[in-house]
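In: Sequence and computational prediction follow.
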Amino acid sequence: MKLLGTHKNLKYYLSNDIKAFYFSPILAYVKYKLDEDWDDYNEFFHACRLFENLKKNDKLSIDSHLLFKNDHLIGCAFIVRGNIADNEGRYTIIEEKTALQIKYFHITEKGKGYGKNWLKEIIIPYYSELEYKRIYVNSSHPLSFAFYERLGERIANYTQPSDNNLFERKGASFLINLEYPK
């Protein structure tokens, strides 16, 4: 793992590996949703399946961004590069070779500004230096919509059923411009 930055007791890492351990913030989110009887969509299961399929595609690469607080993993964000349009049907990818897609951005400690700082101070500058111009992200967590709209713009809306068809999940897709981040 490569250390990309630190802030107080936070450490931001980048790994070119995918390990089950990296998904623990996603698993915490699934438990939170079940405890709140909010949604039965299992992001942990879907993330594991998605990344196993993406790893088989030699036209894609996946960067694992990990956030540790006091040496405990509290956040994960996976960046997909390459032929990302092949796996996205909700919107058109502009200039794919300079575009990225965030998959499964989760932080176990909500409302502390960690996500904003991580994206604006670590992830966006890192990929800007690599000459990427755009990051696309899909979210079905309504409380995150305003967060992504402050960083970029909403480009699509979608709905999908939960795993057991108990809930209708409303989602949105966002575009974050790396050339002129807000």
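Out: That came through, no problem. Residues are numbered from 1 along each chain as shown.
In: alpha carbons only for contacts and neighbour counts from here, please
Out: Fine.
In: the helices in the chain, which residues?
Out: With helices called from DSSP state H, the chain shows them at 24-35, 43-55, 114-117, 124-129, 145-151.
In: Tabulate those in JSON lines, adding columns for distance to Tyr13.
Out: Shown next, in JSON lines, are these (distance: least, C-alpha to C-alpha, whole Å):
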{"stretch": "helix 24-35", "distance to Tyr13": "15"}
{"stretch": "helix 43-55", "distance to Tyr13": "19"}
{"stretch": "helix 114-117", "distance to Tyr13": "14"}
{"stretch": "helix 124-129", "distance to Tyr13": "11"}
{"stretch": "helix 145-151", "distance to Tyr13": "21"}
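In: a markdown table for those helices, including distance to Glu96 and mean neighbour count?
Out: Output for the helices of the chain, formatted as a markdown table (distance: least, C-alpha to C-alpha, whole Å; neighbours: other C-alpha atoms under 10 Å):
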| stretch | distance to Glu96 | mean neighbour count |
| --- | --- | --- |
| helix 24-35 | 27 | 17 |
| helix 43-55 | 16 | 14 |
| helix 114-117 | 25 | 16 |
| helix 124-129 | 14 | 16 |
| helix 145-151 | 20 | 16 |
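In: Which one, of these, ends up nearest to Ile176?
Out: helix 145-151 (6.0 Å; C-alpha to C-alpha).
In: Measure how the helix or strand of the chain with the lowest mean pLDDT sits relative to helix 24-35, angle-wise.
Out: Sorting the helices and strands of the chain by mean pLDDT, DSSP states H and E puts helix 43-55 at the bottom, at a mean of 88. Following axes from the mean of the first three to the mean of the last three C-alpha atoms, to 10 degrees, one obtains 140 degrees for the angle between helix 43-55 and helix 24-35.
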